[in-house]
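*Asks:* from the sequence below, what's the structure:
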Amino acid sequence: MADINDKISKLEEQLKQAKAQRQKIEARKRAADAKRSRAEDTRRKILAGALVLEMMERDETARGRFMERLDAYLTRPDDRALFGLQDHGAQPNTPPSPPGGSPELGGCVTENGK
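*Replies:* As a prediction, this is how the structure comes out:
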């Protein structure tokens, strides 16, 4: 009888190990899926941003509308500085001049170097 109980114990231990291995595999798969999803999201943002910057370069009206939206959307001083926007606390009488670079882009460079 002890022999059969030993067999059952060994099989139960193997089952535990197999379940743990399956959990590790599933966790790795979830991590890989999350990494891929983040990378795809980043790529979408880069491509959409490049399109917007090109549109801003070619159309002053589009640039003005976009800059107004950025002014309302961006809150962090370092983010606002990227687009030549003043801190929310300081409201100048004249629109800010972009830091360096092309005035159409607010100092930013598009993917094709313009």
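*Asks:* burial measure for L53, as a count.
*Replies:* 22 (other CB atoms under 10 Å). The C-beta positions use only the backbone N, C-alpha and C, and glycine is treated the same way.
*Asks:* what is the burial count for F66?
*Replies:* Neighbour tally, F66, other CB under 10 Å: 17.
*Asks:* before we move on, what about G84?
*Replies:* Counted with other CB under 10 Å, residues neighbouring G84 total 20.
*Asks:* R63: which element?
*Replies:* Assessed by DSSP states H and E, R63 sits inside helix 60-73.
*Asks:* quick check: next helix or strand after that helix?
*Replies:* Helix 60-73 is succeeded, C-terminally, by helix 77-82 (DSSP H and E).
*Asks:* that next one: how far from the chain's middle?
*Replies:* Helix 77-82 has its C-alpha centroid displaced from the chain centroid by 17 Å (CA atoms, centre = their mean, to the nearest Å).
*Asks:* ok and the lengthiest helix in the chain relative to helix 60-73, angle-wise?
*Replies:* As assigned by DSSP state H, the longest helix anywhere in the chain is helix 2-58. Orientation check (axes from the mean of the first three to the mean of the last three CA atoms, to 10 degrees): helix 2-58 against helix 60-73 gives 130 degrees.
*Asks:* other SSEs contacting helix 2-58?
*Replies:* helix 60-73 (3 or more CB pairs under 8 Å, 6 or more residues apart in numbering; DSSP states H and E).
*Asks:* tell me what the helix it packs on is packed against?
*Replies:* helix 2-58.
*Asks:* so for the helix it packs on, what's the average pLDDT?
*Replies:* For helix 2-58, mean pLDDT rounds to 96.
*Asks:* can you check stretch 75-89 too?
*Replies:* Per-residue pLDDT over stretch 75-89 has a mean of 89.
*Asks:* do you know how far the spatially most central residue of the chain is from R36?
*Replies:* The residue lying closest to the centre of the chain (CA atoms, centre = their mean) is T42, at 4.5 Å. Remark: distance between T42 and R36 (CB to CB, to the nearest Å) = 11 Å.
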